[in-house]
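Participant: have a look at this prediction, sequence included:
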Amino acid sequence: MGILDYYNYQYCIFLFLLLLLVHHFRLADRRGKKPCEPTNYPVIGMLPDVILNLHRAHDYLNQILNDCGGTYLFRGPWLSNMDMLFTSDPANIHHVFSRNFSNYPKGPEFRIIFDILGDGIFSADFELWEIHRKTTLALLTHADFNARLERTVWGKVETGLFPVLDHFCSGIGMDLDLQDVFQRFTFDNICKLVLDHDPCSLSLDMPYLPCEKAFSHVAEPLLRRHVTPRGVWKLLRLLKVGSERKLLECSKAFTEFIYPHIRGGGGGSMLRAFERVYREKKIGSTDGLRDFLKDTSLNLMFAGRDTTSTCLTWLFWLVAQNPASERKILEEIEHEFGKRNWRCFTAQDSQKLVYLHGALCESLRLFPPVALEHKAPVRPDVLPSGHPLGRNGKLIISFYSVGRMESVWGKDCLEFKPERWITSKGGLRHEASYKFPAFNAGPRMCLGKEMAFIQMKMVAAAIMRRYHVRLVEGHPVCPRESIILQAKHGLKVNLSKRN
């Protein structure tokens, strides 16, 4: 036997013994565990199983939480500070978001992972968050806001949505990505409301706007940061490679788009209100005002684009597979509005569409736009489920799993049933936010909830009344492995005009 053959022989024996050891450890670790539970390997923790299932991250996590009582401790690699407690237990959500709210700010780890949000309302804590919330609430409840919202929505329906959809109706067999249409629609609308600027991304030529696309691209790298050791993703950021390069490109696109529209105090009434508050409250130096307005704009644009576009995407996918629900929505629209011009459909009128509201709630229950929420206690705590959390411990709430728990929604939890939101008297059934956290829960509940429902009802009713939407056969539709629950491959449809 030559020297090379000898070392090859030794290497094979070592590899065989290593695999045998791993197999033995895995068998020992599986004792008493559910089939879906990840294996906790020495040194590397549960990371291998997580990486192998990252392509179906939300469904994998949902399976674990459903099988393990709604709360599960994920063990990260040794010394990586990646241990995370995942939960979808409504009692835990109520405890964290409401009863013990002051102990659960976003925390320092959230600001590190979501650094792209800056000092906006999503990442702010304590006094700065209160300032953001009060200012935003005052703007959304202003007497003129709904009228402005109606003008913006119907203006974009008339000049952008209908021309684009009519164009795709005119060609036989022309496929359209409806998710892309909704994202462009809501991007144009929120830009008009926040920056007083319509970028016209929804038009016949469907232009490529780096900022508009950056909202879709940014969500997946942010999820990957949760399952990558901080030192690793910071190195990738320094080297400008992989998903971190994508985040840097998104940040640049946001900055280059927003800054020109806030220069010199521009940006419309919403940003002028934040500028006044910044100066009155002395939040920072004069030099920091521009960055504050940029962060504020970006956070509001995230809220206005993603919630609405994501919900509408999943709504049309669900309705297309449930013709009975589609008929009920159309009957309700005709009953309430008959031959009235669609321009007469106001924010107040939207309250009459009870069944459509229920359908939207089902879309939000099964596919909440924000799939995960990150929390960290200031002081050690014990959750109602009995799980302890140390100071600054990582708690990840899976909103996606809450809507799919049989213990919460019953045996039909995976079915699309708008009727579950309607009372026996025909009114809307309201569920507690910790059971239905699509708009968050407690003091941090989304301030734009009513605005979102108004816009979604207007758009959904306008499309359903005018067009018949059919799914492209064979096109795969599944959630992306990202923080925002978009359809991974879009929503390809064929359109035809209704008589």
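Facilitator: Received, thanks.

Participant: all contacts plus neighbour counts: C-alpha atoms, from now on.
Facilitator: Will do.

Participant: what's the closest non-adjacent residue to Phe453?
Facilitator: Excluding the flanking residues, the one nearest Phe453 by Cα to Cα, 6 or more residues apart in numbering is His357, at 7.6 Å.

Participant: where's that neighbour, which helix or strand?
Facilitator: helix 354-366 (DSSP states H and E).

Participant: now do Leu73
Facilitator: strand 71-74.

Participant: need the contact partners of that strand.
Facilitator: For strand 71-74, contacts defined as Cα atoms under 8 Å, 6 or more residues apart in numbering pick out Met46, Ile64, Leu65, Asp83, Met84, Leu85, Phe86, Thr87, Ser88, Asp89, Ser385.

Participant: phi, psi of the first one?
Facilitator: In this entry, Met46 is assigned phi and psi values of phi -100, psi 10 (degrees, to the nearest 10).

Participant: against Trp78, how distant is the nearest residue to it once chain neighbours are set aside?
Facilitator: In this structure, Met46 finds its nearest non-sequential neighbour in Asn40, 4.6 Å apart by Cα to Cα, 6+ apart. Counting by Cα to Cα, to the nearest Å, the gap between Asn40 and Trp78 amounts to 11 Å.

Participant: the two: which is more packed in?
Facilitator: When neighbours are counted by other Cα atoms under 10 Å, Asn40 and Trp78 differ, and Asn40 comes out ahead with 20 against 12.

Participant: returning to that earlier point: tell me the helix or strand right after the helix holding His357.
Facilitator: Later in the chain than helix 354-366, the nearest helix or strand by DSSP H and E is strand 372-375.

Participant: report all helices and strands that that following strand contacts.
Facilitator: On a contact count with 3 or more Cα pairs under 8 Å, 6 or more residues apart in numbering; DSSP states H and E, strand 372-375 meets helix 107-113, strand 394-398, helix 399-402.

Participant: restrict that strand to CA atoms and write it as CSV.
Facilitator: Provided in CSV are the C-alpha atoms of strand 372-375 (Å, rounded to 0.1, in the frame of the first residue of the first chain):
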residue,chain,number,x,y,z
LEU,A,372,-43.0,37.2,11.7
GLU,A,373,-42.5,39.7,14.6
HIS,A,374,-39.4,40.1,16.6
LYS,A,375,-39.5,41.0,20.4
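
Participant: isn't there a helix covering Glu415?
Facilitator: No. Glu415 sits outside any helix when classified using DSSP: H, G, I helix; E, B strand; the rest coil, being coil.

Participant: follow-up on the earlier one: average model confidence for whichever helix or strand comes after the strand holding Leu73?
Facilitator: As assigned by DSSP H and E, the chain's next helix or strand after strand 71-74 is strand 84-87. The pLDDT scores in strand 84-87 average 96.

Participant: from the chain's centroid, how far away is the helix or strand following strand 84-87?
Facilitator: The C-terminal neighbour of strand 84-87 among helices and strands, as given by DSSP H and E, is helix 90-94. Centroid separation between helix 90-94 and its chain, computed with Cα atoms, centre = their mean, to the nearest Å, is 20 Å.

Participant: and what of stretch 181-201?
Facilitator: Distance, stretch centre to chain centre, for stretch 181-201: 18 Å (Cα atoms, centre = their mean).

Participant: buried ones in that stretch?
Facilitator: 181-196, 198-201 (16 or more other Cα atoms under 10 Å).

Participant: in strands only, show me those.
Facilitator: With DSSP state E as the criterion, strands contain none of the buried residues of stretch 181-201.

Participant: now for Pro443: which residues touch it?
Facilitator: Contacts of Pro443 (Cα under 8 Å, 6+ apart): Phe97, Ser98, Phe101.

Participant: ok, now Glu249?
Facilitator: With contacts defined as Cα under 8 Å, 6+ apart, the neighbours of Glu249 are Ala214.

Participant: so which strand or helix has it?
Facilitator: Per DSSP H and E: helix 242-262 holds Glu249.

Participant: what's the next helix or strand along the chain from that helix packed up against?
Facilitator: Where DSSP H and E defines the elements, the next helix or strand beyond helix 242-262 is helix 268-280. Helix 268-280 is packed against helix 126-140, helix 178-195, helix 289-320, with contacts defined by 3+ Cα pairs under 8 Å, 6+ apart.

Participant: next helix or strand past the first one?
Facilitator: Think helix 126-140. helix 145-156.

Participant: mind checking how far that next one is from the chain centre?
Facilitator: 24 Å.

Participant: list the buried ones in it?
Facilitator: For helix 145-156, a neighbour-count test (16+ other Cα under 10 Å) marks Asn146, Leu149, Glu150, Thr152, Val153, Trp154, Lys156 as buried.

Participant: per-residue confidence for the fifth one?
Facilitator: Val153 carries a pLDDT score of 94 in this model.

Participant: contact partners for the spatially most central residue of the chain?
Facilitator: Geometric centre of the chain, nearest residue: Val370, 2.5 Å, by Cα atoms, centre = their mean. Val370 makes contact with Thr307, Phe399, Ala438, Ile483, Ile484, Leu485, according to Cα under 8 Å, 6+ apart.

Participant: nearest to Cys169, of the residues you listed?
Facilitator: Distance to Cys169 across those (Cα to Cα) is lowest for Thr307, with 26.8 Å.

Participant: which non-adjacent residue is nearest that closest one?
Facilitator: Pro369 (5.3 Å).

Participant: repeat that for Val354.
Facilitator: Residue nearest to Val354 in three dimensions, not counting chain neighbours: Leu428, with 6.5 Å by Cα to Cα, 6+ apart.

Participant: list phi and psi for the residue lying closest to Gln63 once chain neighbours are set aside.
Facilitator: Once flanking residues are discounted, Gln63 sits nearest to Cys36: 6.9 Å by Cα to Cα, 6+ apart. Backbone dihedrals for Cys36, given as degrees, to the nearest 10, come out at phi -80, psi -10.

Participant: just checking, Cys36 touches Asn62?
Facilitator: No. Look at Cys36 against Asn62 with Cα atoms under 8 Å: they stay out of range, at 10.1 Å.

Participant: show me which of the two is the more surrounded one.
Facilitator: Per other Cα under 10 Å, whichever of Cys36 and Asn62 has more neighbours is Asn62, with 22 against 14.
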